[in-house]
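Participant: pasting a predicted model and its sequence here:
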Amino acid sequence: MKRYISRGFAFLIILSLLVTACQPAAPATEAPATEAPPPAETEAPAAATEAPAAATEAPPAEAGPVEATPGQEVNMVLLPKFLGILVFDQANQGAQEAHAELQNAGELQFLGPTPENSVAGQIEIVTTAATQGMDAIMISNNAGDQIAPAAQGARDAGMTVVTWDSPIPSAEGEQIFVAQVDFDETGRVMADMALSILGEDGGKFAVLSASPDAANQNAWIAALEEVLATDSTYASLELLDIVYGNDQSEDSYNQALALVDKYPDMELIMAPTTVGIAAAAKAMQDEGLCEEVKVSGLGLPAEMVSYTLNGCAPEFALWSFVDLGYLTYYTTYLLATGGIEGAVGERFEAGRMGTYTIEKDPTRDQGLRVLMGPFTVYDATNVEAAAQ
Amino acid sequence: MSTLRRYLRPEQIRELVLVFLIIAIALFFSTQVENYFSARFFNRISTSVAIIAVVAVGQTLVVLTRNIDLSVGSVVGFTAYFVGQQLSNNNDITPIVAALMAIGVGAALGLFNGVIVAHGRVPAIIVTLGTLALYRTLLVEYSDAQTVLTANLPEWILDLPRANIISFGDLDVRVMVGAALVVVLLFQLVLMFLPYGRRLYAIGSNPEAARIAGFPSQRIVLVAFVLCGGLAGLAGFMFLARFGNITVVAGQGIELASVAAVVVGGVNIFGGTGTMVGALLGAIMIDLLENSLIRWLEISEFWRDALLGMLILLAVATDAVIMNRLRDLWARSELQQVESEIGEHQKQEEGSYVA
């Protein structure tokens, strides 16, 4: 009898291992890229001139843009996908900068789950923040729509809920999404880089993404496919395949090598994830393939500098996560203090970054967004300066 | 048949079956994937297997004692990051010192596991599940959100994954593969010939009997965890060399891959049976399957993991059925032998009465 029990137990263990093995890795660092310049540099007035095009497109509000009233007490939580990734710490830097600027009498907490517990941890932190009587939470969502009930609960408890970096797909429970770049524009930027690397004749390429259920990654890839299908400028580009490296070095590295084996005539790997692009570049360098297969996508200058200089990854793009944190803080502070209500067409002043307008999010069925932008494209001429 | 039975144990038949399975998988995919039997493919698979195989050897030591170490993934990640950090700060550290540093850090983390399991008498699955999260969090805190960058590492470690021992044409036997084979062989010999190795089996087969027989069970289990941690540390060093950029998620999932390799390789999860060679074969089979499936155009990204899971399940299940049959067969033949010997003995005795 004991033998049967133990055999059944063995089976259970194996089964549970398999089930776990079959799930995509929990932590998805889809958040690509970040600004490399140190915080001091981002405070330079130059940043303000980069104010988004969206501001000018939006319908003019009756009055001028709303300005934040400093010195009010708003207790806030900044929630990254998980702790320990540079881009989220940079977003925190930006938020802390805004926190000091607005002389918020409340506190700003940077709270996040550990990498292996990202989804459950995020939901727990949102729920806990509501019960602890925090006033506002800023979420870089890694939990898809699973976080919606917790976010709605926080709203019901009177909290302000803003997402940044990665939105809640259904927009349920979320007031505004602060978008780093226009998700549709990302597709065009990737197509442009592909064309610039492959030349006028174009060629075949593949996409190495993060996890299959990362909302921002999927939106960018969809935008890329859209642009390839509709714009004749990119007619010479052919997208062969989309594979997923789950934002783990090992998976991404193996997937990049597998792509090379699968498609002998592939000339470019496009990885819109910081982990993926670095792993793919390392794989090509290790196997001596940099001449045949180039790597591009969204990457950190500090991680990519050597590959850009040796020609493995001649061009890549990114935006500033410090600015994203700063803008997210301003948006949330204004919402929480009643400066803005979260309606289409409202305009507000975000400190050093200039004027922004709330608009309907064109990349989702529902939801509002504030668009930051723009992209910076890095190549051998400017990557070293950015990597410092 | 009986001579065959004498020379082949069921465990060895199992390993032979694994070898045939690996060949069958390779033959099948060679019809599906272009350039499958190429030197390039061999080089890639072998380097990838090397890391998992080293972890699987450590895992085997622990599993043999009827324990399990789920923290190895975090240990690999932590050591890879830690050594990468040290090398970035000081490019003059020699390869030997760096490797020893990795093994030392891994062993220290393993010691923590071992002390709690052996002396705290807490089930290993609970302890190491805890330290899996604990070591990962330690890494997150320690890293301060910085990434170990390829650009800051010394040249030699970046060249290590490409370094060869010998090449047959394009077919390379790389240093990392050689190191992994040495580790497997070394510990296989330990298991076969050293008293420590035999005691691991004794404890796993019957902990109570081993205790009554006077084995220092606690110390043996403790040492198994320390060795497992040290080997995970070595794997962390190899991980650093291969992937260069190390983030806080480095090595995640290796604990599952190593347990899967060990189980497929015929090491009993309840201790007492299994070999290093089996664990190596298990690691090869899983890695070969995975690397073949991601190159197979017929199958979509989303089905790949499911198919991999089903294939592993199938391998383990058929294997379990066959193994039980074989064990019964062996046991029955031994029983018959014993019975016939007893029978002859009785006849002789009867004969002596008559005389």
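Facilitator: Right, received. Where do you want to start? As the structure is a prediction and not an experimental result, all values here were calculated from the model.
Participant: low pLDDT regions in the stretch 1-150 of chain A?
Facilitator: A:1-63 (pLDDT under 70).
Participant: make it 90
Facilitator: Within the stretch 1-150 of chain A, the segments meeting pLDDT under 90 span A:1-71, A:81-90, A:113-120, A:133, A:141-146.
Participant: next, give phi and psi for the closest residue to chain A within the stretch 151-300 of chain B.
Facilitator: Per CB to the nearest CB, B:Val248 is where the stretch 151-300 of chain B lies closest to chain A, at 3.5 Å. In short, each C-beta sits where N, CA and C put it, glycine included. Backbone dihedrals for B:Val248, given as degrees, to the nearest 10, come out at phi -70, psi -10.
Participant: excluding covalently adjacent residues, which one is nearest to it?
Facilitator: A:Gly84 (3.5 Å; CB to CB, 6 or more residues apart in numbering or on different chains).
Participant: ok so the one you found is a helix residue?
Facilitator: No. Using DSSP: H, G, I helix; E, B strand; the rest coil, the assignment for A:Gly84 is coil, not a helix.
Participant: how about the contacts made by it?
Facilitator: Taking CB atoms under 8 Å, 6 or more residues apart in numbering or on different chains, we find A:Gly84 in contact with A:114-115, B:139-140, B:143, B:145, B:247-249.
Participant: run the last query once more with 6 Å
Facilitator: By CB atoms under 6 Å, 6 or more residues apart in numbering or on different chains, A:Gly84 lies in contact with B:140, B:143, B:145, B:248.
Participant: same question, B:Arg327
Facilitator: B:Pro10.
Participant: average pLDDT for whichever helix or strand it is part of, rounded please.
Facilitator: Secondary structure from DSSP states H and E places B:Arg327 in helix B:301-354. In this model, helix B:301-354 has an average pLDDT of 75.
Participant: centre of the chain to it, how far?
Facilitator: Helix B:301-354 sits 25 Å away from the centroid of its parent chain (CA atoms, centre = their mean, to the nearest Å).
Participant: what does stretch B:144-152 give?
Facilitator: In this view, stretch B:144-152 has its centroid 29 Å away from the chain centroid, taken as CA atoms, centre = their mean.
Participant: do stretch B:12-31 as well
Facilitator: 18 Å.
Participant: of all the residues in it, which ones are buried?
Facilitator: B:13-15, B:17-18, B:21-22, B:25, B:29 (16 or more other CB atoms under 10 Å in any protein chain shown).
Participant: restricted to helices, list the contacts of A:Gly84.
Facilitator: B:140, B:143 (DSSP state H).
Participant: scan the contacts of A:Gly84 and report the most crowded one.
Facilitator: B:Val248 (28 neighbours; other CB atoms under 10 Å in any protein chain shown).
Participant: pLDDT averaged over the strand or helix carrying B:Val75, what's the number?
Facilitator: Using DSSP H and E, the element containing B:Val75 is helix B:72-89. For helix B:72-89, mean pLDDT is 95.
Participant: list the residues that contact A:Gln122.
Facilitator: Counted by CB under 6 Å, 6+ apart, A:Gln122 has contacts A:113, A:142-143, A:147.
Participant: out of the residues you listed, flag the one nearest to chain B.
Facilitator: A:Pro113 (9.9 Å).
Participant: which ones are touching that closest one?
Facilitator: So A:Pro113 contacts A:82, A:121-122 (CB under 6 Å, 6+ apart).
Participant: 7 Å instead, please
Facilitator: Going by CB atoms under 7 Å, 6 or more residues apart in numbering or on different chains, A:Pro113 touches A:82, A:121-122, A:125.
Participant: where's it relative to A:Gly133, distance?
Facilitator: Here A:Pro113 is placed at a distance of 21 Å from A:Gly133 (CB to CB, to the nearest Å).
Participant: cool, and B:Ile284?
Facilitator: Distance from B:Ile284 to A:Gly133, by CB to CB: 56 Å.
Participant: so which residues of chain B form strands?
Facilitator: For chain B, the strands defined by DSSP state E occupy B:164-168, B:171-174.
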